[in-house]
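Participant: Take this sequence and fold it.
(2 chains)
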Amino acid sequence: MKPTNIGGHEYFHKVVDCQWACPAHTPVPEYIRLIAAGRYSDAYMINWRSNVFPGILGRVCDRPCEPACRRGRVDKEPVAICRLKRVAADLKDDVSGRLPQPAKMNGKRIACVGAGPASLTVARDLVVLGYQVTVFDNGASPGGMMRSQIPKFRLPDEVIDEECGYIIGLGVETRYNQWVGSLRDLVAEGWDAIFVGTGAPRGRDAPIPGREEAAKHIHIGIDWLANVAFGHTTKIAKRVIVLGGGNTAMDCCRSARRLGGDDVKVIVRSGFEEMKASPWEKEEAIHEGIPIINMRVPKEFRHDNGKLTGVLFEIVRAEYDAKGRRSLIATGEPDEFHECDEVLVAIGQENAFPWIEKDIGLDFDKWGMPVLNEKTLQSTLPKVFFGGDAALGPKNIITAAAQGHEAAISIDLFCRGKKLDDRPPPEFNLVSQKMGIHEWSYDNQVSEEERKKVPVKALEKTLKDIKLELELGFDSFMACAEAERCLNCDVETVFAGKICIECDACVDICPTECITFTANGEEDDLRGRLKAPAKLLEQALYVSDDLKTGRVMVKDENICLHCGMCAERCPTGAWDMQKFFMQCAEAGTEAKRT
Amino acid sequence: MTYLVKPKLLRADAPRNALGYTRRDYEGAISTLCAGCGHDSISAAVVQACFDLDIEPHRVAKLSGIGCSSKTPDYFLGNSHGFNTTHGRMPSVLTGAALANRDLIYMGVSGDGDSASIGIGQFAHAMRRGVNMTYIVENNGVYGLTKGQFSATADKGSKSKRGVVNSDTPIDLAALALQLGASYVGRSFSGDKEQLIPLIKGALRHRGPAFIDVISPCVTFNNHAGSTKSYDYVREHNEAVNRLDFILPRDKIEASYPAGSLRRIVQHDGSILHLRKLDADYDPSDRVGAMNYLQERQALGEIVTGLLYVDSGAVDLHRHLNTVEKPLNQLGDAYLCPGSKALEALNAALR
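Facilitator: Next comes the predicted model:
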């Protein structure tokens, strides 16, 4: 193998699994260390820069970081990264003084359609550069789907108000209760750029027999959740079936449980394991006494003169073809009938752009999605940019924030007449953490504690009040203990082959045997020859230049604990622990440099 | 050195041996030796050897004297028996322990000071008596604990860190062991675990005095230009006579070698030593030849390593003394003191 190029930010970024997995590339270990140190406001601001909504995401993020967490590969469970983020939001001081000051107006006007996470991210990034940003939304307050689709017992309004408030407070102009009915008209108003962050507003329906006849008792999940969120719906019948297996289905069933549903079940087509809902959301639904019945395809809504009596299901099993594609095959067992009084349909969301005229030069693909440059998020109408669920299909809040940042960079470049492909690079640095022979500026002793469970309010109380937040969040002691579980993967093991004397001290001390000195070879061969074979292919091998004996140092990054013992044991300082800190570029970064 | 205890977190696929132990279960306390000390590599080799041999840790007794090397038994086999004797007295304490309980596996760990200076008499007699043990000398050529004076194994002409040239003749412990009757003699280098681990394994499964001289650079006082026991010097002058593969009776033998290049030696317990010859003329069953070879090559400035001599049919001290099969410490009162009638009968027989 060729020696690993550790020069840029790519290699070391990938080692920080959580940051790599985060769509917004939040510097996770850095803020976790700040939480351990009790510096909650600092931790919050690092989050705020990267993901804009730390308090919101600390409660409801899809947390792609946690399955990626290295701790999960050497311990039972990953670090509770998401809930630590909430700690930073909960325990911080007043941060209003730390928010950026709006710059002098530059005379450019930007319209953002929708006041959800993507639009608000664009607004935040641009308004501080001096753009005049106007946000349109048909609702009465900002937040978009975060406010309308996520139940209050998971995400209270105060948190949304606070974090959207920080952005609006920077000087964003808002036009609430205003439905943008025509992109043509909007373009005609002469905005310098338009950002579309309208989400995926249409819930998919289940057009099976009985749907129309029993329509009064069958609701589209996200619409129903919005009605609950805004107080239009305050109760539901006793027996409820939720169709679907995603997070919306979980929100629906748990909300139904709180609005009078005694007998709520989730019935899903796929197997339990393949359900789209996050494992922890499934767990919580089960914890609230909601059974999840899998491998059932709805066939018919049965009704008695329009009064729903139940749903008929076909029982299926999953079969996979050679390419791993799944098909659901009827088992031949008799169909199963489940009685119920109301049904919530939560089987997916779709994009809908009824307000975008088809003849204004903005192309759509055959699935009805706008044709975009995936990197710049620019549409075929150069002035119009997309982000969030409206751009590349429904994902999640953290992806919306990440895309918001990218779109803001694009819009800024566009308005300054620069090439959109010339993206500003991320800012990063790599600094030795050595303070003495055994002293590092990070706590390198690896905690062996188990993951802390977030304390919750009593179930009987929370099931009675749909607005009562279930989770209490970590207190400072639990937060510190949980933060200590972080392996500090951003404190990188950096190897200088020139001064290595090949004494094997690092090999001997490494608790997880990830260092090997051996003859070089092709990657496949090398992976099998290491002291502990490196089987996880997506984890890189760190290969040095040829050493004095002609061998190379090979380190399997997979399960390095970043304990720094190799560096403490190294007699020549060939190993060093260096902190890699990287933040994605912000809109305007390039402008600052030139 | 480090102050931290090694984290217990393990990779999920960490290998386990026949007893269900991981390599980590054979480790000891965290080392307090200097960073980069060759001795730590030897400790790691001992850990690996015991792991590979599925040795139950409580069946091992590790004894040592005084010095950097003699501290190391604390850093491996944390669940085994240990005894730190006074300086240079490990061999006699080990001999006593071996006589009392022949069932344990005895490992003596010593250094060039402990064995070639203050303890040279003890070393000599343990070898010639045929004590069943693995005697490892961690040989760095200096007194590390007292800041780097030459030891008795320092080569003539070797330069100290301060620039002083050694004028005394060195003691070659491997040559001495050969002369004194050790039945398994090897030399290795701490920086070459591929060579060292099988040598230790073979020694642990050898019956009789097995001696391994391991050149182990002292990074702090003897790893500079001009030293003959530095990492660089040893790597440059290392002349291995053979490569050893240690094979347990249960293992399948897969590798094949050209005729004449391999020597197969079966030890008393059925374990097999596969010696891949690197020097075609070298015969590891010829004690006198081995002694001559060592002298010749040493005169040329080479460091001869590998399994230098092995006598797989050797007998040990217990056989010499015709002791009972059962460990002495397990013999009951009735057996040890058969009573006055038996005494009278014995006396009568001698009258």
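Participant: can you tell me which helix in the chain is longest?
Facilitator: If you meant another chain, say so; for now it's chain A. Using DSSP state H to define each element, chain A has its longest helix at helix A:397-415.
Participant: To clarify, I was referring to chain B.
Facilitator: In chain B, assigned by DSSP H, the helix with the most residues is helix B:38-52.
Participant: relative to helix B:38-52, how tilted is the helix or strand just after it?
Facilitator: Beyond helix B:38-52 on the C-terminal side, the first helix or strand identified by DSSP states H and E is strand B:60-64. Counting by axes from the mean of the first three to the mean of the last three Cα atoms, to 10 degrees, strand B:60-64 lies at 170 degrees to helix B:38-52.
Participant: Partner strands of strand B:60-64, with direction?
Facilitator: If you go by DSSP bridges, strand B:60-64 pairs up with strand B:81-84 (parallel), strand B:105-111 (parallel).
Participant: For the stretch 151-300 of chain B, just list every one of the helices.
Facilitator: With DSSP state H, counting those that start in this stretch as the criterion, the stretch 151-300 of chain B has helices at B:173-180, B:193-204, B:231-237, B:287-299.
Participant: Contact partners for the nearest residue to A:Trp224 once chain neighbours are set aside?
Facilitator: Leaving aside its chain neighbours, A:Trp224 sits nearest to A:Leu344 (5.7 Å; criterion: Cβ to Cβ, 6 or more residues apart in numbering or on different chains). Heads up, the C-betas are built off the backbone N, CA and C, glycines and all. Going by Cβ atoms under 8 Å, 6 or more residues apart in numbering or on different chains, A:Leu344 touches A:His219, A:Ile220, A:Gly221, A:Trp224, A:Val240, A:Ile241, A:Val242, A:Leu243, A:Ala249, A:Cys252, A:Cys253, A:Ala256.
Participant: tell me the secondary structure for the closest residue to A:Gly210 other than its chain neighbours?
Facilitator: Among residues not flanking A:Gly210 along the chain, A:Phe301 sits closest, at 3.2 Å (Cβ to Cβ, 6+ apart). The three-state label given to A:Phe301 by DSSP: H, G, I helix; E, B strand; the rest coil is strand.
Participant: Quickly note the distance from A:Phe301 to A:Thr309.
Facilitator: To A:Thr309, A:Phe301 is 9 Å away according to Cβ to Cβ, to the nearest Å.
Participant: Taking chain B, what residue is nearest to chain A?
Facilitator: B:Gly36 (2.8 Å; Cβ to the nearest Cβ).
Participant: Would you mind naming what in the stretch 301-450 of chain A lies close to chain B?
Facilitator: Within the stretch 301-450 of chain A, the positions lying close to chain B (Cβ under 8 Å from any Cβ of the partner chain) are A:Ile437, A:His438, A:Asn444, A:Gln445, A:Val446, A:Glu448.
Participant: The helix or strand hosting the residue nearest to A:Trp224: what's the following helix or strand?
Facilitator: Here A:Leu344 sits within strand A:342-345, counting by DSSP H and E. Going down the chain from strand A:342-345, the next helix or strand is strand A:349-350, by DSSP H and E.
Participant: which secondary structure elements does that next one contact?
Facilitator: Strand A:349-350 sits against strand A:202-203, with contacts defined as 3 or more Cβ pairs under 8 Å, 6 or more residues apart in numbering or on different chains; DSSP states H and E.
Participant: Check which helices and strands the strand it packs on sits against.
Facilitator: Secondary elements touching strand A:202-203 (3+ Cβ pairs under 8 Å, 6+ apart): helix A:221-229, strand A:349-350.
Participant: Give me the sheet partners of the last one and which way each runs.
Facilitator: Strands adjacent to strand A:349-350 in the sheet, as given by DSSP bridges, are strand A:202-203 (antiparallel).
Participant: Quick one: distance of the partner strand to the chain centre.
Facilitator: Strand A:202-203 has its C-alpha centroid displaced from the chain centroid by 21 Å (Cα atoms, centre = their mean, to the nearest Å).
Participant: who touches it?
Facilitator: With Cβ under 8 Å, 6+ apart as the criterion, strand A:202-203 contacts A:Ile220, A:Gly221, A:Ile222, A:Asp223, A:Thr248, A:Val345, A:Ala346, A:Gly348, A:Gln349, A:Glu350, A:Asn351, A:Ala352.
Participant: go on, stretch A:367-375?
Facilitator: A:196, A:350-353, A:356, A:362-365, A:378-380, A:386, A:390-393, A:406, A:420-421, A:423.
Participant: gap between the two ends of that stretch?
Facilitator: Using Cα to Cα, to the nearest Å, the end-to-end distance of stretch A:367-375 comes to 20 Å.
Participant: So which bits of the helix or strand that A:Thr516 is a member of are buried?
Facilitator: Element membership for A:Thr516 (DSSP H and E) is strand A:515-518. For strand A:515-518, burial by neighbour count (16 or more other Cβ atoms under 10 Å in any protein chain shown) applies to A:Ile515, A:Thr516, A:Phe517.
Participant: Now do the same contact list for the spatially closest residue to the last one that is not a sequence neighbour.
Facilitator: Okay, so that is A:Phe517. Once flanking residues are discounted, A:Phe517 sits nearest to A:Arg551: 5.0 Å by Cβ to Cβ, 6+ apart. The contact partners of A:Arg551, taken as Cβ under 8 Å, 6+ apart, are A:Glu502, A:Phe517, A:Thr518, A:Ala519, A:Asn520.
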